[in-house]
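Chemist: Provided below for reference: sequence and predicted model.
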Amino acid sequence: MNRHALRLLATAVAAGTLVTATACSGSKAADATKLASAPVVKQAVTLGTSADSTGPDPAVPGAKSGGTVTVLQTTDFSHMDPARVYSAPNQTVDLLLTRQLTSYQYAGGVTKLVGDLATDTGVSSDGGRTWTYTLKQGLKYQDGSPITAQDVKYGIERTFEATLSGGPNYLQTWLTGQANYSSAYPGPWNGQDLPAIEVPDARTIVFHLKSAHADFPYAVAMQAYSPVPKAHDTKQAFDMDPFSSGPYRIVSHDADKSLVLARSAGWSQATDPVRHAYPDQWKFEFGGQSLDIDQRLIAANGADSTAMTFNAQVTGDVAEQVLGTPSLRARTVDQVSPFSTYFDINDRRITDVKIRQALLMAFPRQQVRQIFGGPLYGDYSNTILSPVTNGFQPYDLYHAPVTGDPAAARKLLAQSSNPHPTIVFAFANTGQWQQAAVAVASALGQAGFHVVTHGVDDKDYYDEIGNVDNTFDLYAAGWGPDWPSADTVIAPIFDGRLIAPDGADTMLFNDPAVNAQIDKINAETDLAQQDKDWAALDKKIMGEAPIIPWVDLRQVSLYGPGLGGVHLGFIGTVYPLDVYVK
């Protein structure tokens, strides 16, 4: 879901942990894969109006306040300091603890970006390089003290501090114009001020960017850019006990065991167009295995009747039971997530586009998906952009069957510079990927490739494929947008000027014409025109076959029968802000 999430996603894909149903043996697997999920319906996320930005959030039908929700997680949250929050679970818990200038409103099946702390989604001037926001009146922290524009500025300045690593770097780069932004501004802890952010008064904040960014309103919706009052900045200690600007505050936190949140007295529903805060408390339990979580949610005994999980997937052990039992299926989130998976083709090693296209034509997408759970793992993709991204347009440039087409691949190889090339396929050395490597080698072998399989320790997998001098030709990777704009997909992973160790362009794709088009699109101030141009660039890039699109992942998770308002959020996890206890 960005540069940091690429590591998390690629590692999870490599390790085979992002599966909704692990590979089973015998008839059980076959039966489970017949339970195909509904296709995703494309819904653009538009900018809301000032009227949309006023509180309260439209009520969820049938919802009521009160009660306690239990959240079952396999691990504790690695970070809760907004400056360090980037992975999907960390962002999700911070939805309960923080507010931002803008946020996403889910109402009546429509998702909009609206003003959250701000009265609207921002006013642009100077050709999209200057953005001005006015804060609402009556905004307060957990202790009742006011949230000010200076706090928003300070919260963003904290993201420059080198010791608060791990979060996104969009605003830092845009405000300084430098990838190495800390050299331009080191952060506020030694008293330094960032002049690119002005605060004329307590309710006004002005951002001066080095270049135009029409999607700036989406960027400031990220939890990393939440307000932090300087007087309550406990620096590194803030990570596990942040000072809340959101609807809940931390009551207790026993690391790796439990976390309890209760209502914040400072939060006002009247100012908030995106949060309901129906439950009185949220109680988190950490350390359970995915199957244990499934079994507890299936049984739904006692407090588990009002339990859920942010991201624990339904496992293969219970997939047939869950999806084949109407009462369980009725309380299952089953939606396409923002994460897309694909197979990188190393463009520095395989320079002939015909060979890359032959790899795409021959690749056994169905066989590999089956190893990871079949339809429950995800929906096949043919594009770079996923259906959750604004500008997405479905197309199938190559019409490659999901089982692969060795005959068509052989024809492409006959037109290439090497009709029988040797391909090194790198994979995480886990049981599932070992099976996948056999399927890949067999399918590509039938097409005329000589395949060398190379297993990599799963903990080192991303480091290996992130090496710009790696000796691999083909390897799995993945990505997800940070907000519903192709600017957070195509630009980071296909701009060849960003190729660097541990970078996002792991296929080492570098086309000067594509780089120039990325700059052109980013300079446009009309978001609708940007969406059209990104879609066209998606198709242009795929003409060069730098990747083999595979699947858009699905999130399939259970929740207790005593909960309502449960659905997936844009982050790709189960969304907590509409949840209520029945």
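Modeler: Perfect, I can see it now. Numbering: from 1, shown residues only.
Chemist: residue 455 in helix, strand or coil?
Modeler: Classification of residue 455 by DSSP: H, G, I helix; E, B strand; the rest coil places it in strand.
Chemist: in terms of pLDDT, where does it sit?
Modeler: Residue 455 carries a pLDDT value of 97.
Chemist: leaving out chain neighbours, which residue sits closest to it?
Modeler: Spatial nearest neighbour of residue 455, excluding adjacent residues (CB to CB, 6 or more residues apart in numbering): residue 429 at 3.5 Å. Where C-beta positions appear, they are placed from N, C-alpha and C, glycine not excepted.
Chemist: likewise residue 107?
Modeler: What sits nearest to residue 107 in space, not counting adjacent residues and going by CB to CB, 6+ apart, is residue 58, at 4.3 Å.
Chemist: give me the sheet partners of the lengthiest strand in the chain and which way each runs.
Modeler: What stands out as the longest strand in the chain, according to DSSP state E, is strand 332-345. Next to strand 332-345 in the sheet, as set by DSSP bridges, lie strand 474-479 (antiparallel), strand 547-558 (antiparallel).
Chemist: where does the prediction get shaky in the stretch 1-150 of the chain?
Modeler: For the stretch 1-150 of the chain, the stretches with pLDDT under 70 are 1-43.
Chemist: and the helices in it?
Modeler: For the stretch 1-150 of the chain, the helices defined by DSSP state H, counting those that start in this stretch cover 3-15, 27-33, 88-94, 149-158.
Chemist: can you give me how far the helix or strand that the last one is followed by is from the chain middle?
Modeler: Think helix 149-158. Following helix 149-158 in sequence order, the next helix or strand is helix 170-176 (DSSP states H and E). Here helix 170-176 is found 20 Å from its chain centre; the criterion is CA atoms, centre = their mean, to the nearest Å.
Chemist: against which helices or strands is the very next helix or strand once past helix 170-176 packed?
Modeler: Counting by DSSP H and E, the next helix or strand C-terminal to helix 170-176 is strand 197-201. If you count contacts as 3 or more CB pairs under 8 Å, 6 or more residues apart in numbering; DSSP states H and E, strand 197-201 packs onto helix 149-158, strand 204-208.
Chemist: angle of the last one against helix 149-158?
Modeler: Put plainly, it is strand 204-208. Here the directions of strand 204-208 and helix 149-158 differ by 30 degrees (axes from the mean of the first three to the mean of the last three CA atoms, to 10 degrees).
Chemist: what comes up buried for strand 204-208?
Modeler: Residues of strand 204-208 classed as buried: 205-207 (neighbour count, 16 or more other CB atoms under 10 Å).
Chemist: who does that strand pair up with?
Modeler: Applying DSSP bridges, strand 204-208 is found paired with strand 130-134 (antiparallel), strand 197-201 (antiparallel).
Chemist: ok, the residue located most distally from the centre of the chain to residue 211 distance?
Modeler: Outermost residue of the chain with respect to the C-alpha centroid, by CA atoms, centre = their mean, is residue 414; its distance is 39.8 Å. As for residue 414, its distance to residue 211 is 46 Å (criterion: CB to CB, to the nearest Å).
Chemist: all helices for the stretch 351-500 of the chain, in order.
Modeler: So, for the stretch 351-500 of the chain - with DSSP H, counting those that start in this stretch - the helices run 353-362, 365-371, 406-414, 431-446, 461-465, 490-494.
Chemist: if we can go back for a sec, can you add distance to residue 423 and mean neighbour count and give the strands paired with strand 204-208 back as a markdown table?
Modeler: Listed next are the strands paired with strand 204-208 as a markdown table, based on distance: least, CB to CB, whole Å; neighbours: other CB atoms under 10 Å:
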| stretch | distance to residue 423 | mean neighbour count |
| --- | --- | --- |
| strand 130-134 | 47 | 19 |
| strand 197-201 | 49 | 14 |
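Chemist: looking at these, which is closest to residue 278?
Modeler: Smallest distance to residue 278 across the strands paired with strand 204-208 (CB to CB): 28.0 Å, for strand 130-134.
Chemist: need the residues that contact that closest one.
Modeler: Strand 130-134 has contacts (CB atoms under 8 Å, 6 or more residues apart in numbering) with 101, 115, 117-120, 122-125, 149, 152, 203-209, 216-217, 220.
Chemist: make TSV from the helices of the stretch 351-500 of the chain and add mean pLDDT and distance to residue 558 to it.
Modeler: Converted to TSV, the helices of the stretch 351-500 of the chain look like this (pLDDT from 0 to 100; distance: least, CB to CB, whole Å):
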stretch	mean pLDDT	distance to residue 558
helix 353-362	98	36
helix 365-371	97	22
helix 406-414	98	40
helix 431-446	97	22
helix 461-465	92	29
helix 490-494	94	33
